[in-house]
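> here you go, sequence then predicted model.
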Amino acid sequence: MTRKIDIFDTTLRDGEQSPGASMNTEEKLVIARQLLRLNVDVIEAGFPISSPGDFESVRRISELAGDAAVVCALTRAVDKDIDSAADALKFAKRPRIHTGIGVSPSHMRDKLRITEDECIERAVHAVSYAKKYVEDVQFYAEDAGRSDFAFLARVIEAVIKAGATVVNIPDTTGYSLPEDFGARIKYLMDNVAGIDDVTVSVHCHNDLGMATALSLAGVRNGATQIECTINGLGERAGNTAMEEVVMAMRMHGEELDAHTDINTREFIKASRLVSSITGMNVQANKAIVGANAFAHSSGIHQDGVLKKRDTYEIIDPAEVGVGQSQIVLTARSGHAALKHRLEELGYEYEGEELDRLYTAFLDVADKKKEVYDEDLEALVNERDREE
Ligand code: KIV
Ligand code: ZN
């Protein structure tokens, strides 16, 4: 049996930090219901101190989730943030406080203006303070991706001693290369006392388009929780996309020694829901949930897929909630695709008849991006009149 990897969804917190994607409480509740259908392990419901609306969202999602998922609230390493998070989580059956602080030279020197020792002191205080309220305390080492290995290990060891149950190693700026990020996680696994007794989480951003690869490198090296969002929504270039990491673990479970409990058939619904609520469109060529993810338009590919789906598709579309693969008729399509579509429309064409229709089809196709059923019907009717 492979390791179970927890899926920590942060669509409602980090995802919502994406410019233009803010959501009200009712909208967040609709998405939270879908996250429960997906069977995520943890829902990061918001940052309660940031606004009364976010406080209310965390409170209502706590009631909604019951014991179906851990509900998590974000804080800085600041007492009043932690008080507010604890209050918002009051009705959660499985509450988690997620507190943390910047640990890279740039964050400590330029943003927080603190020394390394002060950073550790604040981190330990925040975790101990949160422990007064809840058993389950997750610590984030912000900008861990650009931090000094040995210092990061000192921080993580100190917060584990203070009672952290989960340690989150974010690549906040999406700076790392997958091999280096994996080596960072391995270094922590090998050098931090007590790390085997806690959950190690990875939280990666997509600034170089590598959030999925970074998260999987983390898992390969010992992480057992991935933080992610639907459609990869999130700050700047976004967070790790849940649908991508989950499907990658499904494809490569043995190699990664990893599986999740996600109900992948809910991915398309989740993707469309988040896109329609936030107004953030999903690019057509987005992996797993993009409109073209299971569409084939070139003749060679269409011929292959029509003979056997997996010649050009690694995932059965039904597994992620897509009805079926799509054969899109374009000027790159071949005889096989045209014949197939005509058959679906109830027309049988073979041999020379098919060749003639194909020539007429190419005439139309060269003038359009896509040839639709109406175009085919018109072509068929034209041929009938000519005969
Ligand atoms: O990217 C980041 O470091 C974060 C933390 C607050 C977890 O979002
Ligand atoms: Zn983040």
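Perfect, thanks for sending it. Predicted model only: the values in this text are computed from it and were never measured. Ligands and ions are numbered 1, 2, ... in the order given.
> G66 - nearest residue in space that isn't next to it in sequence?
Spatial nearest neighbour of G66, chain neighbours left out: K93 (5.5 Å); criterion: Cβ to Cβ, 6 or more residues apart in numbering. All C-beta spots, glycine's among them, are computed from the backbone N, C-alpha and C.
> all strands for this structure, in order.
3-4, 6-9, 42-46, 70-74, 95-102, 136-142, 166-171, 199-204, 225-228, 258-259, 295-296, 326-327 (DSSP state E).
> okay if I get these as JSON lines plus mean neighbour count?
Formatted as JSON lines, the strands of the chain follow (neighbours: other Cβ atoms under 10 Å):
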{"stretch": "strand 3-4", "mean neighbour count": "14"}
{"stretch": "strand 6-9", "mean neighbour count": "25"}
{"stretch": "strand 42-46", "mean neighbour count": "29"}
{"stretch": "strand 70-74", "mean neighbour count": "27"}
{"stretch": "strand 95-102", "mean neighbour count": "26"}
{"stretch": "strand 136-142", "mean neighbour count": "26"}
{"stretch": "strand 166-171", "mean neighbour count": "26"}
{"stretch": "strand 199-204", "mean neighbour count": "27"}
{"stretch": "strand 225-228", "mean neighbour count": "29"}
{"stretch": "strand 258-259", "mean neighbour count": "20"}
{"stretch": "strand 295-296", "mean neighbour count": "20"}
{"stretch": "strand 326-327", "mean neighbour count": "17"}
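> mind putting those strands in CSV, mean pLDDT included?
Converted to CSV, those look like this (pLDDT from 0 to 100):
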stretch, mean pLDDT
strand 3-4, 98
strand 6-9, 99
strand 42-46, 98
strand 70-74, 98
strand 95-102, 98
strand 136-142, 98
strand 166-171, 98
strand 199-204, 98
strand 225-228, 98
strand 258-259, 98
strand 295-296, 96
strand 326-327, 96
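> how about G299, what does it touch?
Contacts for G299 (Cβ atoms under 8 Å, 6 or more residues apart in numbering) come out as 332-337.
> in JSON lines: the strands of the chain, plus distance to K28.
Formatted as JSON lines, the strands of the chain follow (distance: least, Cβ to Cβ, whole Å):
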{"stretch": "strand 3-4", "distance to K28": "27"}
{"stretch": "strand 6-9", "distance to K28": "12"}
{"stretch": "strand 42-46", "distance to K28": "7"}
{"stretch": "strand 70-74", "distance to K28": "12"}
{"stretch": "strand 95-102", "distance to K28": "17"}
{"stretch": "strand 136-142", "distance to K28": "20"}
{"stretch": "strand 166-171", "distance to K28": "21"}
{"stretch": "strand 199-204", "distance to K28": "20"}
{"stretch": "strand 225-228", "distance to K28": "17"}
{"stretch": "strand 258-259", "distance to K28": "28"}
{"stretch": "strand 295-296", "distance to K28": "32"}
{"stretch": "strand 326-327", "distance to K28": "32"}
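> now a ChimeraX select for only the buried ones of the contacts of G299.
A single ChimeraX command selects the buried members of those (16 or more other Cβ atoms under 10 Å):
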select :333,335,336,337
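> just the contacts of G299 now: which is nearest ligand 1?
Closest approach to ligand 1 among those (Cβ to the nearest ligand atom): R332, at 41.1 Å.
> on the pLDDT front, check the closest one for me.
Here the pLDDT value assigned to R332 is 95.
> give the contact list for the closest residue to it other than its chain neighbours.
The shortest distance from R332 to any non-neighbouring residue, by Cβ to Cβ, 6+ apart, is to S298 (4.4 Å). S298 sits next to 330, 332-333 when contact means Cβ under 8 Å, 6+ apart.
> what about S298, distance to L338?
According to Cβ to Cβ, to the nearest Å, S298 stands 13 Å off from L338.
> ok, now C204?
Counting by Cβ to Cβ, the gap between C204 and L338 amounts to 44 Å.
> ranges for the helices of the stretch 51-200 of the chain?
Taking DSSP state H, counting those that start in this stretch, the helices of the stretch 51-200 of the chain run over residues 52-65, 79-88, 105-106, 116-131, 149-161, 178-191.
> output the first one as CSV, restricted to C-alpha atoms.
In this case it means helix 52-65. Listed next in CSV are the C-alpha coordinates belonging to helix 52-65 (Å, rounded to 0.1, in the frame of the first residue of the first chain):
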residue,chain,number,x,y,z
PRO,A,52,-15.4,40.3,9.3
GLY,A,53,-16.5,38.6,6.0
ASP,A,54,-13.6,36.2,6.2
PHE,A,55,-14.2,35.5,9.9
GLU,A,56,-17.8,34.6,9.1
SER,A,57,-16.7,32.4,6.2
VAL,A,58,-14.5,30.4,8.5
ARG,A,59,-17.2,30.1,11.1
ARG,A,60,-19.9,28.9,8.6
ILE,A,61,-17.5,26.5,6.8
SER,A,62,-16.6,25.0,10.2
GLU,A,63,-20.3,24.3,10.8
LEU,A,64,-20.8,22.9,7.3
ALA,A,65,-17.8,20.5,7.3
